[in-house]
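A.B. asks: the following block contains a protein sequence and its predicted model.
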Amino acid sequence: MKKTLAGFMLAAAIVSAGAIALEQGPFVAEQSRSGRALYVANCAACHGPELKGAGEAPALAGTTFMAAWGNRTTEELYNLVKASMPYGNGNSLDADSYRRIVAYVLAANGAQSGNIAMTGNEAVQIGRIADGKMPAGEAAAAPAETRARTPVATSYPPGRFGVTVAGALKSFDPVTDAMLAHPKDADWLMYRRNYQGWSHSPLSQVTSANVKNLQLQWSWAMNDGGASQVTPIVHDGIMFLSNTANTVQALDAKTGELIWENRIGPAPTRAYGATRSLALYGDKIFVPTTDAKLYGLDARTGKIVWQTVIEDAAEGYSNTGGAIAIHGKILVGLTYCNRYETKHCFISAYDAGTGKVAWRFKTIALKGEPGGDTWNNLPDEFRQGAETWIAGTYDPDLNTTYWGTAQSKPWTRASRGSGTGATLYANSTLALDPDSGKLKWFYTHAPGENFDLDEVFERVLVNHGDSKDVLTIGKVGILWKLNRVTGQYEDSAQTVFQNVFGKIDPKTGIPTYRADVQAAKVGDWISSCPGPAGGHDWPATSYDPKTDLMIIPLHQSCVMMRAEPMEKKIGVGGDAGSQRLFEMPGTDGNLGKLAAYNTKTMKALWSFQQKAPFLTGVLTTDGGVGFVGDFDRRFRAFETATGKTLWQTRLPTSVQGHVISYAVDGKQYIAIESGLGGGSPVGKPTTLMPGVHHPGNGNAIFVFALPPEN
Amino acid sequence: MDLRQAVLFIVALLAITPASTPVWADDFETRLSPSPLTEGTRINITGEGRAIASLDGRKLTVSGNFHGLVSPATTAELYDGLGIAIPGPKAFDLTVTQATSGTISASLVLSAKQAAELRAGHFYVQINSQKAPDGNLTGWLLPPHPFAGEDVPVAGAGFLPQLDVTQK
């Protein structure tokens, strides 16, 4: 595992000086020519027609690609592409197609064809055959129309968009502020069910004694393609369900009958960036779409009442985190703000009736602004990241909404050039006035983050006597507790092994990075435990108020990360980090961990490990039963107080999304999705657990309940 | 007390050990797992194994086994990392079976500094192979930490090998 910089320096020298004559590539011209069309059909939607990369898809040409791959071999590139591409659907093409795509990528980096066709087994160092300089005319350059319509990630069925199934609810009781603040036991009106972000249902029909009798009541196949990590929303016996392709459906929550469907579109073009939740307010349902728009639909019919552009999707922006409705405003975040632009990421609010923008809060501190001196004097356009890809929570008494932000971009300090600066307001908790967007306070959990370790996830609001707390846990796996009135640090607890921070100040909670992290330069391989899948990721915690326990789904793996150079130029962007994964020491290869923490004492009550990581949020209920699902298709019920597994079943593919509970006609239901797609929480175990298989399709909702005799 | 109860008892004992207390164990163990992995390297980086080590004064005895490599093992080494899961320089060579499965072993004498670093969790075993010359199987030597079993709850947070990072 010990690496030297020799290879990197060789690649850098080749890129910068071009002093070494390139050898012929291990492919023939016909392979790279035909590989171009295959690239357009299967790769360009994510990596771009000019192979520049976008979002989470790295650049496949130029200096960034050569820095990452110059010292690696054509065999490794072929193996990687074949095993994992198109993203989420590896090994779905024939081997010859993969060879041709790799030949094209090499040619697009200046490699010259030779006389022997590529087999994939050639261990030729890429830095010896390519210099990253794209020959004129080598860009994939598919017609724009073709690119826009190419759903590459996984198969998405063709079909028209718009209201594809017309229908109307028989009745609909408009959702009020009071309902959102005090939801009916039978309802699940928002992402984490209540404003406090508890993911807890007060229903108690299903108990530890009878949960073993759960039976499937109905199921419903959902759109395949893209990424699906849904949270169904339920109001008065109607389930509102977001599918990929920004398709929204209204279903009878008791029977699974479809009432209306609106395929808003567009079709997914990549297997990450899921829409995790919808929001309800008044007589509308609100849909933050993957193309960075916000739609207000008539909840009775699904027809579009208004739509507004949050940000320009053509520039890569997207929305995955859902929305929260507060005082007649719909608050949404923004993601994929990782290119160098004059624009920056923001949280924004829209009038629920009209869609008119009410306010924006920019999550990057620019020069001359408060906190603007935390970016090592970088020009404003090179301060990026701080995405908000999980919807916030809300305290009605304090009239404050709480949001987390992602890390700054590129991932590493060395690539960013941000020195030891905190890079505000990245990886922070933000407390905002929901009416004005004004910042009340902020707290930065990981100042100047270095490893793709977001602190963006759910903010959970809990009271302990007079103490009003906000808890959150990020990828580094530290559970943080702050005073949510003042933002003052109160406590923290480590939930998995971590080696990122050398120490944490017990009074302020401010962490200190290891010395070698602080000294790291572009090209250095640096260890990070946990790795980019967390610790904790988007599968959310649940807070059980009866026991004061927070149940946390955790992931245990590590990464060696290398900072790559990033050209400081408008339009250039990405994460600029290469990764190599390894098991977390002391875990015996158990990637999954579920742990229960008392939020007053911050002590763990129980925990268990398993091979497969968890891919759903946790649900707890007043019946003393919790639910969670995993990568290996298992959906289980456990006893909240002990962690003991009480019941389990297996679903068609990975169990992914958020578990909810609701009631219709006095009967309690448990709903969960089997879903596919996503970033590190799926990608890392796919690499680390090649023996676990699940189908590449199978997005569906499953609804369980007790049989009548119970 | 049957074996399962004994394992649970040990795990529970470990769980209630204050995190700030260093575990000055003289016995160490690790699972050897494929690493470093990418989707591009995992075809050549496979297998698994286990290693144990025992420190008597400064005399360290290492033994272990492995299987499932796609190409024969070439060398095995003991590294002195900068911390748990933080790679560092090679400290010793180990004897390894030159095959896709086999054993590793060594009897070594550590310096006082090395012994302290071993106890702090800095040492790791690495087996290299023909197709993975920079690392095929790796594992950090840590105090014994019996696994209670998949899905089996234990008291507390379980084994957190936080030997040398300041904790509250």
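C.D. replies: Great, that's in hand.

A.B. asks: every contact and neighbour count from this point should use C-alpha atoms.
C.D. replies: Fine.

A.B. asks: quick check: pLDDT value at residue B:39.
C.D. replies: We have a pLDDT of 84 for residue B:39.

A.B. asks: should've said residue B:8
C.D. replies: 50.

A.B. asks: what do you get for residue A:97?
C.D. replies: Looking at residue A:97, its pLDDT stands at 92.

A.B. asks: distance check, the residue of chain B found nearest chain A against residue A:451.
C.D. replies: Distance from chain A to each residue of chain B (C-alpha to the nearest C-alpha) is smallest for residue B:40, at 3.4 Å. Distance of residue B:40 to residue A:451, computed by C-alpha to C-alpha, to the nearest Å: 21 Å.

A.B. asks: over to residue A:381?
C.D. replies: 21 Å.

A.B. asks: again with residue A:46
C.D. replies: Distance from residue A:46 to residue A:451, counting by C-alpha to C-alpha: 22 Å.

A.B. asks: what about the nearest residue to residue A:250 once chain neighbours are set aside, how many neighbours?
C.D. replies: Ranked by C-alpha to C-alpha, 6 or more residues apart in numbering or on different chains and with sequence neighbours excluded, the top spatial neighbour of residue A:250 is residue A:240, at 4.7 Å. Close neighbours of residue A:240, defined as other C-alpha atoms under 10 Å in any protein chain shown, add up to 27.

A.B. asks: residues in contact with residue A:240?
C.D. replies: Residue A:240 makes contacts with A:232, A:233, A:234, A:248, A:249, A:250, A:251, A:278, as judged by C-alpha atoms under 8 Å, 6 or more residues apart in numbering or on different chains.

A.B. asks: so which of those residues wins on neighbours?
C.D. replies: Going by other C-alpha under 10 Å, residue A:232 tops the contacts of residue A:240 with 30 neighbours.

A.B. asks: residue in the stretch 51-200 of chain A nearest to chain B?
C.D. replies: Using C-alpha to the nearest C-alpha, the closest approach of the stretch 51-200 of chain A to chain B is made by residue A:80 at 3.4 Å.

A.B. asks: what does the residue lying closest to that residue once chain neighbours are set aside show for phi and psi?
C.D. replies: Closest residue in space to residue A:80, ignoring its immediate chain neighbours: residue B:40 at 3.4 Å, by C-alpha to C-alpha, 6+ apart. Backbone torsions of residue B:40, given as degrees, to the nearest 10, read phi -80, psi -20.

A.B. asks: what about residue B:40, distance to residue A:619?
C.D. replies: From residue B:40 to residue A:619 the distance is 37 Å (C-alpha to C-alpha).

A.B. asks: neighbour count for those two, which is higher?
C.D. replies: Neighbours of residue B:40 and residue A:619, each counted by other C-alpha under 10 Å, are more numerous for residue A:619; the result is 27 against 23.

A.B. asks: specify the local secondary structure of residue A:580.
C.D. replies: strand (DSSP: H, G, I helix; E, B strand; the rest coil).

A.B. asks: got a pLDDT number for it?
C.D. replies: Value for residue A:580, per-residue pLDDT: 94.

A.B. asks: so what's it up against?
C.D. replies: So residue A:580 contacts A:559, A:560, A:561, B:35, B:36, B:37, B:38 (C-alpha under 8 Å, 6+ apart).

A.B. asks: quick one: pLDDT of the fifth one?
C.D. replies: The model reports residue B:36 with a pLDDT of 87.

A.B. asks: where's it relative to residue B:52, distance?
C.D. replies: Distance from residue B:36 to residue B:52, by C-alpha to C-alpha: 21 Å.

A.B. asks: please apply the same query to the last one.
C.D. replies: Summarising the geometry, the distance separating residue B:38 from residue B:52, computed by C-alpha to C-alpha, is 27 Å.

A.B. asks: of those two, which one has the most company?
C.D. replies: The residue with more neighbours, out of residue B:38 and residue B:52, is residue B:38; 23 against 20, by other C-alpha under 10 Å.

A.B. asks: beta partners of the nearest residue to the more buried one once chain neighbours are set aside?
C.D. replies: Nearest residue to residue B:38, sequence neighbours excluded (C-alpha to C-alpha, 6+ apart): residue A:580, at 5.5 Å. Beta-bridge pairing of residue A:580 under DSSP bridges involves residue A:560.

A.B. asks: residue contacts, the residue of chain B closest to chain A?
C.D. replies: By C-alpha under 8 Å, 6+ apart, the residues touching residue B:40 are A:75, A:76, A:77, A:78, A:79, A:80, A:81, A:83.
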